[in-house]
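Q: Kindly return the folded structure for what I paste below:
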Amino acid sequence: MADRRVALVTGGTRGIGLAIARALAAEGCDMAVSGRRPADEVAGVVSDLEAAGAAVEYVRSDIADSADRAALVAAVRQRFGRLDVLVNNAGVSPLVRDDILEADQESFDRLISTNLAGPYFLTQAVANWMIEQAAEREFRGCVVTITSVSATVPSTNRGDYCISKAGLSMASLLWAARLAEFGIPAYEVRPGIIYTDMSSGAKEKYDRLIAEGLLLQPRSGEPGDVGRAVAMLVRGDLAYSTGSVVMVDGGLTVPRL
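A: Numbers count the residues shown, from 1 in each chain. Next up, the predicted model:
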């Protein structure tokens, strides 16, 4: 249908990104999903999203690469001719969890390029296109950036990751401020401990901390918890709250005595 909204979910073929894509498909969105795997490796994911009623375009793309970002936006424009929702979800974890007294710059540069520079400049490109659309027709645009509790909770063995998420948190505020005049809200969703393939290496540690009372809600998070939060924002349930941070952390960051 011509009036179906279109979402772009980066890193949308696994983990949190896939849960977000599924939630938006259930909301009636068509979508583009991006990732770094070959198309044949994600064909099943695309089929599942299509079975939920969405028209789906998979674009193989590394958001750290400027040419790939341009090609990603061009592919969405060619397939759908519109883009209503951007979900900045793609990111990487450190190759090695090094103490910040020992971590090297090569690892830092790799992570910052993907986790911070990539979504920042992808949002720039998409925001300019959204502004064009807002001038041409009735438009309900929305930018959602997935960060982490690591934006404010330091882990000294992965400083690059924490810095990237803190930077993304500020980027979300910047886009909220810059896009307000065009009626395009920007939000941050800040997950806590969500078990995915990215966090599997630390599962034993997190299980122990949860058992010891780390969280107010004593369970690990699920990708679907984040997906439902994003769907709420995309629906417009918090339409008067641009710039807000939605915590999905089971109470991890609630101060306690």
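Q: Find the residue ranges of this protein scoring beneath the pLDDT cut-off.
A: 1-2 (pLDDT under 70).
Q: Helix, strand or coil: sort out Val71 for me.
A: Not Val; residue 71 is Ala. The assignment at Ala71 comes out as helix when based on DSSP: H, G, I helix; E, B strand; the rest coil.
Q: How about the secondary structure of Val143?
A: Quick answer, by three-state DSSP: Val143 is strand.
Q: Show me the beta-bridge partners of it.
A: Beta-bridge pairing for Val143 (DSSP bridges): Leu86, Ala186.
Q: Neighbours of it, how many?
A: If you count neighbours by other Cβ atoms under 10 Å, Val143 ends up with 25. All C-beta atoms are positioned from the backbone trio N, CA, C, and that covers glycine.
Q: and what of Ser113?
A: Neighbours of Ser113 (other Cβ under 10 Å): 16.
Q: got the phi/psi numbers for it?
A: phi -60, psi -40 (degrees, to the nearest 10).
Q: just use 9 as the starting number from now, easier for me
A: Taking 9 as the first residue, the last one we looked at is Ser121.
Q: where exactly do the helices run in the stretch 9-158 of the chain?
A: Here the stretch 9-158 of the chain has its helices, by DSSP state H, counting those that start in this stretch, at 23-34, 51-59, 74-88, 113-120, 126-144.
Q: and of these, who's closest to Ile218?
A: Closest approach to Ile218 among the helices of the stretch 9-158 of the chain (Cβ to Cβ): helix 23-34, 18.3 Å.
Q: Only the buried residues of the biggest helix by length in the chain, if you could.
A: When the chain is scanned for its longest helix (criterion: DSSP state H), the result is helix 167-187. For helix 167-187, the neighbour count (16 or more other Cβ atoms under 10 Å) marks 167-177, 179-181, 183-184, 187 as buried.
Q: tell me which strands and helices it is in contact with?
A: helix 113-120, helix 126-144, strand 150-154, strand 194-199 (3 or more Cβ pairs under 8 Å, 6 or more residues apart in numbering; DSSP states H and E).
Q: quick one: which of the helices of the stretch 9-158 of the chain is nearest Thr261?
A: Closest approach to Thr261 among the helices of the stretch 9-158 of the chain (Cβ to Cβ): helix 23-34, 17.8 Å.
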